[in-house]
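Novice: The following block contains a protein sequence and its predicted model.
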Amino acid sequence: MIQVFGHKAPDTDSTGSPLIWAWYLTEVRKTPAKAVLQGSPNTEAVWMLGRWGVDMPELISDVEPGAQCVIVDTNNLAELPASINEAEVMEVIDHHLLAGGLKTRLPINITIRPLACTATIMHDLIGEADMARAPEWVKGMMLTCILSDTLQFRSPTTTPHDRFVAENLARELGVEIDAYATEMFTAKSDVSAFDDASLLRMDSKEYELDGRLLRVSVLETTAPQVLLDRKAALMAAIPAVAAEDGAHEVLMFIVDILNEQATLLVPNDYVRRVAERSFGVTVAGDTVVLPGIVSRKKQIIPVLQA
């Protein structure tokens, strides 16, 4: 059976998109497939599963040699199982920059498009005729993934097509987007069950800057003060998390969804220097507010300077 999975530390898109594509492979292409996850999903993704009555996918730590798999919402080796190049990768569907490093035994289908969300790409690949037969939960997950990745169309990654697809899905489902997104973001913002190390890793990606490996973490929330109240503990946990993960540093951005700004924790001189050179700000304390910054993919990673 084909395994469909996204990146480590799965967010909403990396939880929903494997389920969507596994449905399509099984029910439309008639090639049995199942969604699996590389770790526990975030609170918004868990809410999505409950909202649409879908069971939590199986968690995996690696893939077997020769195992058939489809990769979604990433193409970065650092975010994939350690043995991925020994598996039989059959397809990649993604909306991130091409990282390189994946190896396949045969030519495969690779779809990478400059859209805000993998689920938007899947909607287009599935096509109008087959979307008409898709169950409500598939459409509901698509809608949730798009609203999550676009921060309800606030993110600069949002394209007119992402919005068009989301609004059509909401209309078909009878969902009012503002109210639905509020429920989503409330679930995303409830991090009370997570310890500090888990929060630093929850939505993070590895990035190399001038030969140094960074873990760039983003926590999107409608209640930023809850996280800022844990600032001292989060900063105290950074050295141990970085050491355990083989990183030089952890950059932690707390994204205020409603006010469309990020707060970067500044625990040391290295992060202060990165903040000042990258964002053109002056850092006076252990945090710095970055107005208008909400997207790691488009506004953080591309501008980082050491």
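Specialist: Looks like it arrived, so ask away. What you see is a predicted model, and the numbers here were worked out from it, not measured in a lab.

Novice: From the chain's centroid, how far away is stretch 274-288?
Specialist: Its chain's C-alpha centre and that of stretch 274-288 lie 25 Å apart, by C-alpha atoms, centre = their mean, to the nearest Å.

Novice: Is residue 138 in contact with residue 22, as I believe?
Specialist: No. Here residue 138 does not reach residue 22: they are 10.1 Å apart, not a contact under C-beta atoms under 8 Å. Glycine gets a C-beta too; all of them are placed from N, C-alpha and C.

Novice: Tell me which helix or strand in the protein has the weakest average pLDDT.
Specialist: The weakest-scoring helix or strand in the chain, judged by mean pLDDT, DSSP states H and E, is strand 204-209 (a mean of 91).

Novice: And the closest residue to residue 32 other than its chain neighbours, how far from residue 15?
Specialist: Closest residue to residue 32 apart from its sequence neighbours, by C-beta to C-beta, 6 or more residues apart in numbering: residue 1 at 4.9 Å. For residue 1, the distance to residue 15 (C-beta to C-beta, to the nearest Å) stands at 19 Å.

Novice: more crowded one of those two?
Specialist: The residue with more neighbours, out of residue 1 and residue 15, is residue 15; 29 against 12, by other C-beta atoms under 10 Å.

Novice: The more buried one is in contact with residue 49, isn't it?
Specialist: Yes. Using C-beta under 8 Å, residue 15 is in contact with residue 49, at 7.3 Å.

Novice: if we can go back for a sec, after the least confident helix or strand of the chain, next one along is what?
Specialist: Proceeding C-terminally, strand 204-209 gives way to strand 212-221 as the next helix or strand, assigned by DSSP states H and E.

Novice: Enumerate the positions of that next one that are buried.
Specialist: Going by neighbour count (16 or more other C-beta atoms under 10 Å), the buried part of strand 212-221 is 214-221.

Novice: What of stretch 291-306?
Specialist: In stretch 291-306, counting by 16+ other C-beta under 10 Å, buried: 293-297, 299-301, 304.

Novice: pLDDT weak spots in this structure?
Specialist: Counting by pLDDT under 70, the chain contains no low-confidence segment.

Novice: can you pull out the strands in it?
Specialist: 2-5, 33-37, 58-59, 68-72, 88-94, 109-112, 204-209, 212-221, 249-256, 261-265, 287-291 (DSSP state E).

Novice: and residue 122, which of those is closest to it?
Specialist: Closest of those to residue 122 is strand 88-94, at 6.5 Å (criterion: C-beta to C-beta).

Novice: could the strands of the chain go into CSV alongside distance to residue 185?
Specialist: Shown next, in CSV, are these (distance: least, C-beta to C-beta, whole Å):
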stretch, distance to residue 185
strand 2-5, 25
strand 33-37, 21
strand 58-59, 25
strand 68-72, 23
strand 88-94, 24
strand 109-112, 28
strand 204-209, 19
strand 212-221, 8
strand 249-256, 11
strand 261-265, 15
strand 287-291, 19
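
Novice: Which of those strands sits closest to residue 152?
Specialist: Closest among the strands of the chain, using C-beta to C-beta: strand 212-221, at 10.8 Å.

Novice: Packing partners of the closest one?
Specialist: helix 177-189, helix 196-202, strand 204-209, helix 231-245, strand 249-256 (3 or more C-beta pairs under 8 Å, 6 or more residues apart in numbering; DSSP states H and E).

Novice: Now do the third one: distance to the chain's middle.
Specialist: Right, the one you point to is strand 204-209. On C-alpha atoms, centre = their mean, the centre of strand 204-209 falls 14 Å from the chain's centre.
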